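K.L.:
coords please:
(one chain, ligands or ions: 1)
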Amino acid sequence: MIVASMDAQTFKRLKEVYYSKGSVSDYDLQHERLVYGQPKGMVDAVWAELCAGDHPPNDFRVVGHDQLLADILAADASVSWDAVFDGFMLGCSGRWPRGRQTLISAARARQLTEHAFEGPDDGDPDRICERCGLPRRSRWDQSDETFRLYWGYAWNETPSTWWVDLDERARAEMPTLEDADVEAFAALLRAIDEAPPDETPGRLEKRLGKAKLLPGADKYRRYGILIALGEVGVLPNTSVPASYDAALTPSERHAAHEALGQSHRSDVVLPLAGWRGELGVDWARAEWMFGVAN
Ligand SMILES: [Zn+2]
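P.N.:
Predicted coordinates for the structure are as follows:
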């Protein structure tokens, strides 16, 4: 099935479905997901059109480790790094929030190679592969995930999101990058680089919020952008290699979090969690990836 990229009208309708009060109608036991019904303010014809379209609400997917891995590799092959870097700058300038997640997804996909699930054969569907960290089985709602990409969220911990992102990016219509987008991105990096030496990622997020350098971004969107910059090493750290540079097994990642003295379930995870103000911005990397200089 050929699925179109998400248009503005569909985006608006899905926002009404997923993020307005009172549209949860049921719970799907098999997929362990909330089922969203027709929102109160949406007329029958619009709801029917949405349900029959390319992004119907409650589009639940269940995919095993080996298939998800193959799907991520196939989707990644169709997205160029130039598009990833340009899209991320458009995401930071606020002109195209959709561009943010792909910096993370492509950095993670770059380290993956085909293999079968590795781990105890105990049938636990939520167990993660000891080699790559992909779960034995992933479940998600395709339309909700796609919507959230367009809404500007980015996160590094859910492999199914990497696939949804890379697969859709091949079809998404990216605006043309303009000088103003590059300038906004460079201004963001310069502001980060002005950090006091002991600044933590949490304090950095708050400082950027006050400086209003990321238009329309709330706390979690700001974290998404900083996480992405950590994934590619533009925000360096001294704990682990950037995801762009090397793969970590789940146990190596866990040990690195322990060494950092931080709970793995904290809001901020590695590699970003290992950044401190004194490390600033890796300008050499910023230049070869994004073409911006201090
Ligand atoms: Zn694996």
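K.L.:
From one end of stretch 273-280 to the other, what's the distance?
P.N.:
13 Å (Cα to Cα, to the nearest Å).
K.L.:
actually stretch 91-99, sorry about that
P.N.:
Start-to-end span of stretch 91-99 (Cα to Cα) is 5 Å.
K.L.:
who touches that stretch?
P.N.:
86-90, 100, 149-152, 154, 172, 174-175, 180-181, 184-185, 188, 214-217, 221, 225 (Cβ atoms under 8 Å, 6 or more residues apart in numbering). All C-beta atoms are positioned from the backbone trio N, CA, C, and that covers glycine.
K.L.:
Could you give the separation of that stretch from the chain centroid?
P.N.:
Centroid separation for stretch 91-99 versus its chain: 13 Å, with Cα atoms, centre = their mean, to the nearest Å.
K.L.:
packing partners for the helix or strand bottoming out on mean pLDDT in the chain?
P.N.:
The weakest-scoring helix or strand in the chain, judged by mean pLDDT, DSSP states H and E, is strand 24-28 (a mean of 81). In terms of contacts (3 or more Cβ pairs under 8 Å, 6 or more residues apart in numbering; DSSP states H and E), strand 24-28 is packed against strand 33-36.
K.L.:
which element follows the strand it packs on toward the C-terminus?
P.N.:
helix 44-52 (DSSP states H and E).
K.L.:
Quick check: mean pLDDT of the longest helix anywhere in the chain?
P.N.:
Longest helix of the chain, by residue count under DSSP state H: helix 179-193. Taken as a whole, helix 179-193 has an average pLDDT of 97.
K.L.:
How about stretch 254-265?
P.N.:
On average, stretch 254-265 scores 78.
K.L.:
Then stretch 121-134?
P.N.:
pLDDT averaged over stretch 121-134 gives 94.
K.L.:
Show me what counts as buried in that stretch.
P.N.:
Burial within stretch 121-134, assessed by neighbour count using 16 or more other Cβ atoms under 10 Å, is assigned to Arg127, Ile128, Cys129, Arg131, Cys132, Gly133, Leu134.
K.L.:
Over to stretch 53-65?
P.N.:
Gly53, Asp54, His55, Pro57, Asn58, Asp59, Phe60, Val63, His65.
K.L.:
close to the ion, is it?
P.N.:
No. Contact between stretch 53-65 and the ion is absent, the nearest approach being 5.7 Å (criterion: Cβ under 5 Å from the ion).
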